[in-house]
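> Fold the following.
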Amino acid sequence: MINFLTDDKVSELADMVRDRFGLNFASERWKDLRSAVVRFQREDSSFKTPAECLDYILSPTVGNEDLEQFINRLTIGETFFFRDTNALRVLEYEILRKLSAKGSGLNGAVRVWSTACSTGEEPYTIAMICRRSGISAEIFGTDIDSKALVKAREGCYRKWSFRSEDTSFKDIFFRKVGSNSFLIDSSIKRMVNLSRLNLMDAAVPVALQDMDVILCRNVLMYFSSEGVNSVLDKLWDCMTSGGWLVATPSESGLLSSYGRFEPVNIGGVLLYRKNEDYEPQCQLGFDGFKFRDDPEYSVAEVTEQFDFNAQLESTPVEDGFGFDELEISEPKIEVVLEPPVLPRAGDEGATLLKQAEGLRMHGDTFEAVSVYKRVAEQENPREIKAAAFLGIAWIKADSGLADEAAQWCAKALELDRVSPCAHFLLGQICFQQGDLATALAHMRNAVFLDSEFIMAHFLLGNIYMENNDTNGAARHFRISMQELEKMDQDEPVPCSDGITAGRLMEMVRLVQQQLG
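Coordinates of the predicted model:
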């Protein structure tokens, strides 16, 4: 039935979705558009066939409510409470607390906007942070998905929303109302103003002007090239002078291409500031690339940096399209790009690793860490223990505990120095912390050990963009695109936090367009 939706019609639908909502669906992802039409038709008995439903969606007479319900089937909200605790720690202690009573809101309240709040976990997290720190705040959450906003207003969540490692906040701000359901405290709910917003609308409501902090995490990747610039223009206009934009490392290339926001590293977290005097620049010194120094926010004052430079006795140096030889004392082993590594099926340690991975995938990170540690304490082969250390590192990184994740990565590399996954994760952590020189070294190691490591090439492209090396960026984006074309477009890219090959291809294309 889905095949009766012709390419011409689906292409017209992709154009409409891009023009009206800024969402980018390249031909590789037309399957998603077709599936959304079929789901919409099945749920609305007034249409006999998907083709009839699609004709209505494309017609001038389509109702706004119907179009909104169709768009709901195209967006995916992946979030949980206190996601990326390291970024939240910096946001709380170095931004929100310093702005407390000095914000642009009533009586100095700090104004915070979560631009894609989905089912509400992000803005409610900010509300809980402000409550415990005594910060007066006006918090807003918007999303294009009206169904997600209904759930956010209900404030009832299941275990999957509590995937951060530290869930002590659950006992303070939530009440259990079922075997697996938890209702957020009404006082926290009242702190957040929720509303539907299409970021591609011509104008942003007055209530969302004069923001001190805007969270736009995992949002830009969904938009077309024109959509990215349009959204960032709106966020810039809605932000107070000196205001802060919070994005994700994977979106740094898009922000670098945009060029107006000033990147600032605070406590190992890369944030973006509205500085109208900012001119993109970088400097190279003996210690590698550094963001422009900021007299008010010093990395050294916020956190003690972990010494990553001691992890490798030698680092491959890029020369043209190849690499110098990496000194490796142990033979290369075959690895899987998603933790944990399972070298011997049936082995007791491998069985426990599989058990730990299952726990992690179901959100039981505390128990998963416990099982991983059991593997590490037992008499297991080096590669099994290294996989356990790496599994813990992934959990720590997913919880935003960057320093702890880095230390577990170092333990894994002590046992298995040729693990591309360990080098990738450590490089990703360094990138998030603004240490681009060390990030570059680890990412080079990752692609040296596995030349088809898509996410390592993608992150290398972003690192080179931050370093104003457009040739290096273009080369690694090109390689990542070549490898993505070999994958099924609906298949998640290894080590990408669930991003599909089709979606990542769109992100790469956006950056390639900016590079020219």
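
> which strands and helices sit next to the helix or strand in which residue 394 is found?
According to DSSP states H and E, residue 394 maps onto helix 382-398. Secondary structure elements in contact with helix 382-398, counted by 3 or more Cβ pairs under 8 Å, 6 or more residues apart in numbering; DSSP states H and E, are helix 348-361, helix 365-377, helix 402-415, helix 420-432. From N, CA and C alone the C-beta is placed, and that goes for glycine too.

> deepest of these, which one?
Burial of the helices and strands packed on helix 382-398 is given as mean neighbour count (mean count of other Cβ atoms under 10 Å); helix 420-432 ranks first at a mean of 26.

> and that helix, average pLDDT?
Across helix 420-432, pLDDT averages out at 89.

> Same check on stretch 348-368?
This predicted structure assigns stretch 348-368 an average pLDDT of 82.

> just stretch 472-491 next, same as before
When the per-residue pLDDT values of stretch 472-491 are averaged, the result is 89.

> quick one: secondary structure of residue 182?
Per DSSP: H, G, I helix; E, B strand; the rest coil, the local secondary structure of residue 182 is strand.

> Can you tell me who the spatially closest residue to it that is not a sequence neighbour pairs with across the strands?
Of all residues not flanking residue 182 in the chain, residue 174 sits nearest, at 4.1 Å (Cβ to Cβ, 6 or more residues apart in numbering). Residue 174 forms beta bridges with residue 184, as assigned by DSSP bridges.

> and residue 174, what does it touch?
Contacts of residue 174 were listed using Cβ atoms under 8 Å, 6 or more residues apart in numbering, and they are 157, 182-185.

> From residue 158, how far off is it?
11 Å (Cβ to Cβ, to the nearest Å).

> what pLDDT does residue 87 get?
Confidence score, pLDDT, at residue 87: 87.

> my read is it is in a helix, agree?
Yes. When the secondary structure is assigned by three-state DSSP, residue 87 falls within a helix.

> ok, it touching residue 266?
No. Contact status for residue 87 versus residue 266: not in contact, 9.7 Å apart, counting by Cβ atoms under 8 Å.

> So for residue 384, which of the helices and strands packed on helix 382-398 sits nearest?
With Cβ to Cβ as the criterion, residue 384 lies closest to helix 348-361 of those, at 4.0 Å.

> so what secondary structure elements neighbour that closest one?
helix 365-377, helix 382-398.

> Low-confidence regions, this structure specifically.
Along the chain, the model assigns pLDDT under 70 to residues 1-4, 22, 44-45, 72, 75-78, 165, 202, 281-347, 516.

> show me where it has strands.
Under the criterion DSSP state E, strands of the chain are mapped to 110-114, 137-143, 156-158, 174-176, 181-184, 192-196, 211-215, 239-246, 262-266, 269-273, 283-285, 288-290, 318-319, 322-323.

> Same list (the ones you listed) but as TSV, adding distance to residue 11.
TSV is the format used below for the strands of the chain (distance: least, Cβ to Cβ, whole Å):
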stretch	distance to residue 11
strand 110-114	33
strand 137-143	27
strand 156-158	38
strand 174-176	46
strand 181-184	43
strand 192-196	27
strand 211-215	34
strand 239-246	34
strand 262-266	37
strand 269-273	35
strand 283-285	46
strand 288-290	42
strand 318-319	40
strand 322-323	40
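
> and those strands, which is most packed in?
Ranked by mean neighbour count, those are led by strand 110-114 with a mean of 27 (mean count of other Cβ under 10 Å).

> can you give me the angle it makes with strand 137-143?
For strand 110-114 and strand 137-143, the angle between their directions (axes from the mean of the first three to the mean of the last three Cα atoms, to 10 degrees) works out to 10 degrees.

> so what strands line up beside strand 110-114?
Strand 110-114 has these strand partners (DSSP bridges): strand 137-143 (parallel), strand 211-215 (parallel).

> so which of the ones you listed comes closest to residue 35?
Proximity of these to residue 35 was assessed by Cβ to Cβ; the nearest stretch is strand 137-143, lying at 20.8 Å.

> contact partners of the closest one?
75, 77, 96, 103, 105-106, 109-118, 120, 122-123, 126-127, 130, 149, 152, 191-197, 199, 207-208, 211.

> Tabulate the CA atom coordinates of it in PDB.
Output of strand 137-143 as PDB, limited to C-alpha atoms (Å, rounded to 0.1, in the frame of the first residue of the first chain):
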ATOM      1  CA  ALA A 137      13.500  31.800  37.000                       C
ATOM      2  CA  GLU A 138      10.900  32.100  34.300                       C
ATOM      3  CA  ILE A 139      11.100  28.800  32.300                       C
ATOM      4  CA  PHE A 140       9.500  28.100  29.000                       C
ATOM      5  CA  GLY A 141       9.200  24.900  27.000                       C
ATOM      6  CA  THR A 142       8.100  24.700  23.400                       C
ATOM      7  CA  ASP A 143       7.700  21.900  20.800                       C
END
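
> how far out from the middle of the chain is that strand?
20 Å (Cα atoms, centre = their mean, to the nearest Å).

> returning to that earlier point: who touches both of residue 174 and residue 158?
Counting by Cβ under 8 Å, 6+ apart, the contacts common to residue 174 and residue 158 are residue 182.

> show me the contacts for the residue nearest to residue 499 when sequence neighbours are not counted.
Distances taken as Cβ to Cβ, 6+ apart place residue 493 nearest to residue 499, at 5.5 Å, with adjacent residues excluded. If a contact means Cβ under 8 Å, 6+ apart, then residue 493 has 454-455, 484, 487, 499-501, 504 as its contacts.

> same check, this time on residue 83
With contact taken as Cβ under 8 Å, 6+ apart, residue 83 is in contact with 121-122, 125, 163-164, 400.

> ok, and the most crowded of those residues?
Of all those, residue 122 has the most neighbours under the rule other Cβ atoms under 10 Å, reaching 29 neighbours.

> Report the contact partners of it.
Here residue 122 is in contact with 79, 83, 114, 141, 215, 217 (Cβ under 8 Å, 6+ apart).

> Please report phi then psi for the last one.
Yep, that's residue 217 we're talking about. Dihedral angles of residue 217 (phi, psi; degrees, to the nearest 10) stand at phi -100, psi 130.

> how about the nearest residue to it, chain neighbours excluded?
The shortest distance from residue 217 to any non-neighbouring residue, by Cβ to Cβ, 6+ apart, is to residue 248 (5.0 Å).
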